[in-house]
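**Student:** Let me see the structure of the following:
(one chain, ligands or ions: 2)
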Amino acid sequence: MNIAVIGAGYVGLISSVCYAEIGHQVVGLDLDPDKIQKLNRFVSPIYEPGLEELLEKHITGGRLKFTDSYEEAIPMADVIVIAVGTPSQANGMADISFVEGAALSSIPYLKKQAVLVIKSTVPVGTGDHVEALIRDRISPDYGIEVVSNPEFLREGTAIYDTFHGDRIVIGANRDSAGETVRRLHEPLGIPIVMTDRRSSEMIKYASNAFLATKISFINEIANLCEMLDANVENVSEGMGLDKRIGNQFLKAGIGYGGSCFPKDTNALIQIAGNMQYDFELLRSVVKVNEKQQTGILRKAKAYYGSLQGLKFAVLGLAFKPNTDDMREAPSIRVIEQLVNEEAEVVAYDPVAMDKAPQWLHPATQYAGSWEEAIQDADGVFLLTDWEEFKQIDLRKLRSLMKRPAMFDGRNCFKLSAAESAGLDYVSVGRPAVRKTVQPVG
Ligand SMILES: NC(=O)C1=CN([C@@H]2O[C@H](COP(=O)(O)OP(=O)(O)OC[C@H]3O[C@@H](n4cnc5c(N)ncnc54)[C@H](O)[C@@H]3O)[C@@H](O)[C@H]2O)C=CC1
Ligand SMILES: O=C(O)[C@H]1O[C@H](OP(=O)(O)OP(=O)(O)OC[C@H]2O[C@@H](n3ccc(=O)[nH]c3=O)[C@H](O)[C@@H]2O)[C@H](O)[C@@H](O)[C@@H]1O
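**Tutor:** Ligands and ions are numbered 1, 2, ... in the order given. Predicted coordinates:
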């Protein structure tokens with residue numbers, strides 16, 4: 001099939017290379033000419049394992065190209081996939097203006113019957129709205145059907161997730177359009193759920209909200225574990241073995257970040273609010289997450305008394321490992337508060353160093369390695385569970401620091417390893433090593 005993918009961000013880029021990989025002819029379209037130039041030189045504007053290899057393979061192989069011209073991308077397309085951003089508005093609701101813009105910009109260049117797939121995460125009813133928006137503008141010679149096909153990939157494992165996802169959801173109000181989108185995805189060999197458009201849009205929000213709920217739930221349990229001298233890792237393991245609960249998304253930590261859970265939970269609360277429905281559970285999930293992101297600072301304050309004048313290394317800036325995405329990363333808030341407490345901050349991340357300065361407090365200093373960051377530090381905050389950090393030799397770390405204290409927001413180390421390295425070690429939902437700190441109150 002001929003596919004046009006609008007939006008060359010995390011989702012659009014991964015979709016483009018993966019559709020090419022399963023044999024389709026793909027044109028990726030983005031309004032940002034710098035992105036397009038880079039992409040056509042096989043340079044990815046984002047860090048995502050395996051992406052550049054697939055870009056090169058399919059651009060040189062002739063199945064994939066990128067353009068900033070609708071005129072070039074749309075006329076040949078059997079399927080137009082919209083994968084543009086849907087950022088939060090001030091009230092939490094998703095802003096669908098980029099989706100509307102992409103749909104409206106495509107219409108003048110339609111030269112045949114096509115299916116318009118909305119892959120962006122959009123409020124329930126957006127498919128209906130877009131269909132109404134374009135209906136009057138389409139030439140009577142060509143039809144266009146709007147289909148919902150939400151994306152479930154995770155950053156950092158996006159290509160793997162595309163080929164090994166648990167399900168593909170297709171929401172269509174007409175069988176023929178749904179069937180086209182089903183055939184597009186069939187080569188992936190993943191179970192396909194066919195449903196109506198509104199239910200499909202809801203599946204996406206409900207899935208992200210549920211995963212966020214699991215994380216906030218386990219973080220609340222972790223906070224209780226700290227007070228009751230239990231260990232949340234053991235609790236998660238014991239809970240997760242129950243198949244009805246499942247062991248995924250039960251890792252306690254510094255709270256969820258990223259471009260989607262925070263945005264999509266707030267959007268669903270607002271979607272409910274628009275129907276005069278108070279989604280109380282989800283409001284609590286968001287509140288618990290906000291509290292969790294700064295819990296690590298409360299622990300540090302309890303440990304040091306005051307943070308003023310102290311020097312801290314912050315290891316891990318991206319919201320999760322294997323990505324350079326800084327959107328809603330817990331590091332942003334933690335560093336801001338450290339600077340507000342008049343502490344000195346030296347930050348390091350294995351891949352997010354280029355993007356980080358746009359997001360972090362201007363007083364942040366940067367180091368070229370974790371060793372450099374912790375030099376003479378009074379403490380370390382570990383905020384992203386990069387493999388590189390999990391491999392740190394804690395004895396070496398201790399020897400480079402002024403005061404050997406680590407605040408680990410990701411439970412990267414065994415308590416016994418911290419103990420034998422002689423480190424004061426405060427993690428999440430586990431007893432503090434040396435017990436020099438108070439539990440979160
Ligand atoms: N990032 C992720 O892991 C996931 C994101 N999603 C959803 O997918 C959507 C896209 O997210 P990301 O890829 O992260 O966004 P992004 O911000 O990385 O990329 C969006 C791209 O669209 C381009 N764009 C905006 N308006 C355009 C237009 N009218 N024509 C052409 N290009 C245009 C922008 O220049 C940008 O490159 C959002 O709705 C998001 O919620 C869903 C699943 C996973
Ligand atoms: O809609 C989206 O954008 C995507 O949002 C998430 O994917 P992503 O945000 O890339 O990453 P996750 O692996 O889900 O992690 C999100 C956040 O939760 C945190 N997390 C995750 C799992 C866990 O057990 N504990 C935990 O704190 C991570 O550290 C991270 O900050 C979903 O997992 C994807 O299915 C979805 O497509």
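**Student:** what's the following helix or strand after the helix or strand containing residue 145?
**Tutor:** Element membership for residue 145 (DSSP states H and E) is strand 144-148. The first helix or strand that comes after strand 144-148 along the chain, using DSSP H and E, is helix 158-164.
**Student:** contact partners of that following helix?
**Tutor:** Helix 158-164 is contacted from outside by 10, 14-15, 17-18, 48-51, 54, 152-154, 188, 190, using C-beta atoms under 8 Å, 6 or more residues apart in numbering. The C-beta positions use only the backbone N, C-alpha and C, and glycine is treated the same way.
**Student:** Just confirm yes or no for that helix near ligand 1.
**Tutor:** No: Helix 158-164 stays clear of ligand 1 (C-beta under 6 Å from any ligand atom), getting no nearer than 6.7 Å.
**Student:** and that helix, average pLDDT?
**Tutor:** Mean per-residue pLDDT for helix 158-164: 97.
**Student:** Distance of residue 207 relative to ligand 1?
**Tutor:** Using C-beta to the nearest ligand atom, to the nearest Å, we find residue 207 at a distance of 10 Å from ligand 1.
**Student:** Name all residues that make contact with that residue.
**Tutor:** residue 152.
**Student:** and it, backbone torsions?
**Tutor:** With angles defined as degrees, to the nearest 10, residue 207 sits at phi -70, psi -50.
**Student:** shouldn't residue 408 be in contact with residue 425?
**Tutor:** Yes: applying C-beta atoms under 8 Å as the test, residue 408 and residue 425 come out as touching, 6.7 Å apart.
**Student:** count of neighbours near the residue nearest to residue 337 when sequence neighbours are not counted?
**Tutor:** In this structure, residue 337 finds its nearest non-sequential neighbour in residue 297, 5.3 Å apart by C-beta to C-beta, 6 or more residues apart in numbering. A count of nearby residues for residue 297, using other C-beta atoms under 10 Å, gives 19.
**Student:** Give me the packing partners of the helix or strand hosting residue 297, helices and strands only.
**Tutor:** Element membership for residue 297, per DSSP H and E: helix 280-304. Packing partners of helix 280-304 (3 or more C-beta pairs under 8 Å, 6 or more residues apart in numbering; DSSP states H and E): helix 197-228, helix 261-274, helix 330-340, strand 379-382, strand 405-408, strand 424-426.
**Student:** The shortest one: which residues count as buried?
**Tutor:** To tie it back to what came earlier, the one meant is strand 424-426. Neighbour-count burial for strand 424-426, counted by 16 or more other C-beta atoms under 10 Å, picks out 424-426.
**Student:** Tell me the confidence at residue 238?
**Tutor:** 98.
**Student:** That one: how many residues sit nearby?
**Tutor:** Residues near residue 238, counting by other C-beta under 10 Å: 11.
**Student:** Equivalent analysis for residue 214, please.
**Tutor:** If you count neighbours by other C-beta under 10 Å, residue 214 ends up with 17.
**Student:** if we can go back for a sec, let me know the average pLDDT across the strand holding residue 145.
**Tutor:** 95.
**Student:** between the helices and strands packed on helix 280-304, which one is nearest to residue 126?
**Tutor:** Closest of these to residue 126 is helix 197-228, at 6.4 Å (criterion: C-beta to C-beta).
**Student:** List the buried residues for the closest one?
**Tutor:** Neighbour count says helix 197-228 has 197-198, 200-205, 207-209, 211-223, 225-226 buried, by 16+ other C-beta under 10 Å.
**Student:** How far off centre is the next helix or strand after that helix?
**Tutor:** Next along the chain after helix 197-228, taking DSSP H and E as the criterion, comes helix 232-240. With C-alpha atoms, centre = their mean, to the nearest Å as the basis, helix 232-240 stands 24 Å off its chain's centre.
**Student:** can you tell me if helix 232-240 touches ligand 2.
**Tutor:** No: using C-beta under 6 Å from any ligand atom, helix 232-240 stays clear of ligand 2, coming no nearer than 8.4 Å.
**Student:** Kind regards, and thank you for your time.
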